[in-house]
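A.B. asks: attaching a predicted model along with its sequence, questions to come.
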Amino acid sequence: MTDEPGSRSHWIATIEDLRAQLNAARSSTNWRERTDVFLSVVADAAAMLLGRRDVNELLAAMLDHACLLMGAAHAYYGAKEGDDGIRVLVGKGIMETVVGMRLPYQGVSGAAILSGRAECVHDYETWEGRSQDTGDVVVRSAIAVPLLANGQFVTGVLTLFHCGDEEGRFGDDDERLLAGFAQLASVALDNARLFETLQVELHRKDAAEKGMRESERRFAEVIDFLPEAMLAVDRKGRVIAWNRAMAELTGVGSSAVMGRGEYASSVPFYGVRRPMPIDLALRSTDDAGEEMENVVRDGESIVTEIHFPNLRPGGAYLAIRARPTRDPGGRINGAVQTIRDVTARRRMEIAVRESRERLMSHQSTLMDLTKLVATRFDDLDALFREVSAISAATLGVRRMGIRFFNEERNSLVCRERYDAATGRHTSGEEFAQARHPTYFRHLLEDRLITAHDALADPRTREFAADYFPRYGIASTMDCPIRGGGKLLGVVCHEHVGAPRRWTVEEESFAASVGDLIALALESWTRRKVERELQASIRFEDLIIGITTRFCGAASADVDAAIEIALGEIGEFAVVDRAYLFDFADGGRRFSNTHEWCAPDVTPHIADLQNLASDDFAYLVRRIHAGEVFHVPVVAELPPEAANERLEFEREGIRSILCIPIRTLDDVTGFMGFDSVREPLTWTDHQIRLLKTVASLIAVVRERARAASPG
């Protein structure tokens, strides 16, 4: 009859078969073949150990397997005890008599523990590290290998002996075989010890959970009759108590939430699963504020007031206090949360605070805007951007626009439009009077157009077909901008979303913003006229000085006077280059003769010599015709000026002005001014003065040529 798998007789037979394979492998001269057999034998032997769960049974089986594999009659397994001893747990042969005893680190066992690797002594009697406590037993050969815990720490040693008249000797193959066996035996021993630990822990855990469930039941009965809304959860966040007051507050009975986790208690409040203070109280870390606003820690308690908009019609404000509960060992095993309805108090406080804050905010903002108008009117666009952003934030609107009439006064053109959601400032949108006649009429007649429902209000509903739906506008408050006895434009506050009812305070603020913008326009216009007049006077003085210098210049000093004049004009007009070009070869070619450049601006006089007029026909044709070549934006030159545009862009020119230099008989060249860093538009008055300079240059150069000998 075949032995049952797993029985002692079965594994003894298996080991005998493995020993036969080993003996055959030892006689092989093929190292790879011998090694493969050794590894297979180790794996098969250790596999028979891995299924054992009892540690004592496993140790006995491990020793039996090792002895059978190694052909040894004497062996023991000792557990490491402290830093200098070995406790013998199981033994065979002569080592059975020392089971339970504590042996010192000595001999081959001590060497294996200290080194952490297998130690094999072929001739024990002559080995200098042999133990002196063997008594009458003659040890012929010994081998020991350490066993590890978790593959890292030495926990014990497996030692085998050939003693007395035994002729066997352990060799290198035996050392490799036992070392491999020990590695897998260590794993089996780890598994068995872990299994024992888990069994104990599972038993303890089962008892603890039974006690906890009983405690939770009694706790829930106590809090159910408390007048204050209360709930409790266990350490996993599962609801274990939901009293009657809580059911009345939320409209959700205890049966709907009891025993449920994963933030189930938050659903009656938020409509979704999310952390509440009671869930944060389960944590020992002080990070509650990262997930919930207005949270304050009071010792172990978490205190907050939260608005729940969907708890009842109009929402509710609840004061919540949550704190953890602990087991006798001081570990958190759950949490309790109490809730009070403070809606009436909070709404009264909010109304009073908002009214006071709104009034203070409007007053403060108007003061700030007044300061802006007084200090920033030189740059109207920058002023409008700031005013729109500040006004939108003060009134809490999504969009703010400032629009002015065009020259024909038949359309409003958007000068500034601010979107608070994106922070973008745009312009350019146009609103024709022909499409919105009613709105334009009310702008002329009304102090303010306040449309709570802009799509239905008769003054603004002309925009309901396209403009309002495009941007989701529901309410508007538009204030006309008036100055100099006429309507200049309008300031528009546009609310996106549901219709909004504007308050009297908001209407007063919007009207004040319109007045401030009108004041800014008036100040800017006055300053602009003053600046232009002062600049014109200074430019005229400059031209007079240049004229005086030309008139008094000797023939030899004419070129120097021209250079100085170009530099003075260039610096005054804030351009980047000023220059002269002369025509030659009957006007078919021209060259750069004089050049002034602002600091850090590249000169081009060297590479602008002997240019073919046909290559720049668009420019040359106008110069020869006596026309002023004024291009405020080079990028807008027509297609027939393609060559000129390419050359100007090569030189980095953004704006250019060229004025013909002509004598009584012909155009001899031109005077030019380039703007590289910023575009520039010359006024008609400035161009007329520059024509005078060009004429003076023609005269003094003719005079110098006439005075030149030969």
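C.D. replies: Sure, I can see it.
A.B. asks: from here on, contacts and neighbour counts on C-alpha atoms
C.D. replies: OK.
A.B. asks: what segments of the stretch 401-550 of the chain are helices?
C.D. replies: Assigned by DSSP state H, counting those that start in this stretch, the stretch 401-550 of the chain shows helices spanning 437-445, 467-471, 504-552.
A.B. asks: the stretch 51-200 of the chain now?
C.D. replies: For the stretch 51-200 of the chain, applying DSSP H, counting those that start in this stretch gives helices covering 55-70, 107-115, 172-223.
A.B. asks: got the buried residues for stretch 164-182?
C.D. replies: For stretch 164-182, a neighbour-count test (16 or more other Cα atoms under 10 Å) marks 169, 170, 174, 175, 176, 177, 178, 179, 180, 181, 182 as buried.
A.B. asks: please apply the same query to stretch 424-441.
C.D. replies: Result for stretch 424-441 [16+ other Cα under 10 Å]: buried residues 425, 431, 433, 436, 439, 440.
A.B. asks: what packs against whichever helix or strand residue 698 is part of?
C.D. replies: Using DSSP states H and E, residue 698 sits within helix 684-707. Applying 3 or more Cα pairs under 8 Å, 6 or more residues apart in numbering; DSSP states H and E, one finds that helix 684-707 contacts helix 504-552, helix 558-573, strand 655-662.
A.B. asks: need the winner for burial among those.
C.D. replies: Ranked by mean neighbour count, these are led by strand 655-662 with a mean of 24 (mean count of other Cα atoms under 10 Å).
A.B. asks: quick one: distance of it to the chain centre.
C.D. replies: Its chain's C-alpha centre and that of strand 655-662 lie 54 Å apart, by Cα atoms, centre = their mean, to the nearest Å.
A.B. asks: direction included, what does the helix or strand just after that strand pair against?
C.D. replies: Sequence order places strand 667-675 as the next helix or strand after strand 655-662, per DSSP H and E. Paired with strand 667-675 in the same sheet, following DSSP bridges, are strand 577-584 (antiparallel), strand 655-662 (antiparallel).
A.B. asks: next, the angle from strand 667-675 to helix 684-707.
C.D. replies: For strand 667-675 against helix 684-707, the angle by axes from the mean of the first three to the mean of the last three Cα atoms, to 10 degrees is 130 degrees.
A.B. asks: in terms of helices and strands, where is residue 349?
C.D. replies: Applying DSSP H and E, one finds residue 349 within helix 343-375.
A.B. asks: packing partners of that helix?
C.D. replies: Checking 3+ Cα pairs under 8 Å, 6+ apart, helix 343-375 ends up next to strand 316-326, helix 380-395, helix 504-552.
A.B. asks: name the helices or strands packed onto the second one?
C.D. replies: For helix 380-395, the packing partners by 3+ Cα pairs under 8 Å, 6+ apart come out as helix 343-375, strand 399-405, strand 411-419, helix 504-552.
A.B. asks: show residues contacting that helix.
C.D. replies: For helix 380-395, the external contacting residues (Cα atoms under 8 Å, 6 or more residues apart in numbering) are 361-362, 365, 369, 372-373, 376-377, 398-402, 415-418, 420, 425, 493, 506, 513, 520-521, 524.
A.B. asks: make it 7 Å
C.D. replies: 361-362, 369, 376-377, 398-401, 416, 418, 420, 506 (Cα atoms under 7 Å, 6 or more residues apart in numbering).
A.B. asks: go on, stretch 422-439?
C.D. replies: Stretch 422-439 is contacted by residues 410-419, 440, 459-460, 462 when judged by Cα under 7 Å, 6+ apart.
A.B. asks: just the pLDDT for residue 132.
C.D. replies: The confidence metric pLDDT takes the value 69 at residue 132.
A.B. asks: could you look up the SS state of the nearest residue to residue 319 once chain neighbours are set aside?
C.D. replies: In space, and not counting its chain neighbours, residue 319 is closest to residue 305: 4.4 Å by Cα to Cα, 6 or more residues apart in numbering. Three-state assignment for residue 305 (DSSP: H, G, I helix; E, B strand; the rest coil): strand.
A.B. asks: what's the answer for residue 681, then?
C.D. replies: coil.
A.B. asks: got the phi/psi numbers for it?
C.D. replies: Torsion angles at residue 681 (phi, psi; degrees, to the nearest 10) stand at phi -110, psi 120.
A.B. asks: that one contacts residue 630, correct?
C.D. replies: No - using Cα atoms under 7 Å, residue 681 makes no contact with residue 630, being 8.3 Å away.
A.B. asks: with neighbour numbers in mind, choose between these two.
C.D. replies: Using other Cα atoms under 10 Å, the more surrounded residue of residue 681 and residue 630 is residue 630, with 17 against 13.
A.B. asks: in its sheet, what does the helix or strand containing that one sit against?
C.D. replies: Assessed by DSSP H and E, residue 630 sits inside strand 629-631. Applying DSSP bridges to the sheet, strand 629-631 is found paired with strand 655-662 (antiparallel).
A.B. asks: list of residues touching the strand it pairs with?
C.D. replies: Contact partners of strand 655-662, identified using Cα under 7 Å, 6+ apart, comprise 623, 626-634, 667-675, 679-680, 691, 694-695, 698.
A.B. asks: hmm, try it at 8 Å
C.D. replies: Outside strand 655-662, the residues touching it (Cα under 8 Å, 6+ apart) are 623-624, 626-634, 667-676, 678-682, 690-691, 694-695, 697-698.
A.B. asks: list buried members of those by neighbour count.
C.D. replies: 623-624, 626, 628-632, 634, 667-676, 679-680, 690-691, 694-695, 697-698.
A.B. asks: and which of the buried residues of stretch 424-441 is nearest to residue 247?
C.D. replies: If you rank the buried residues of stretch 424-441 by distance to residue 247 using Cα to Cα, residue 425 comes first, at 51.5 Å.
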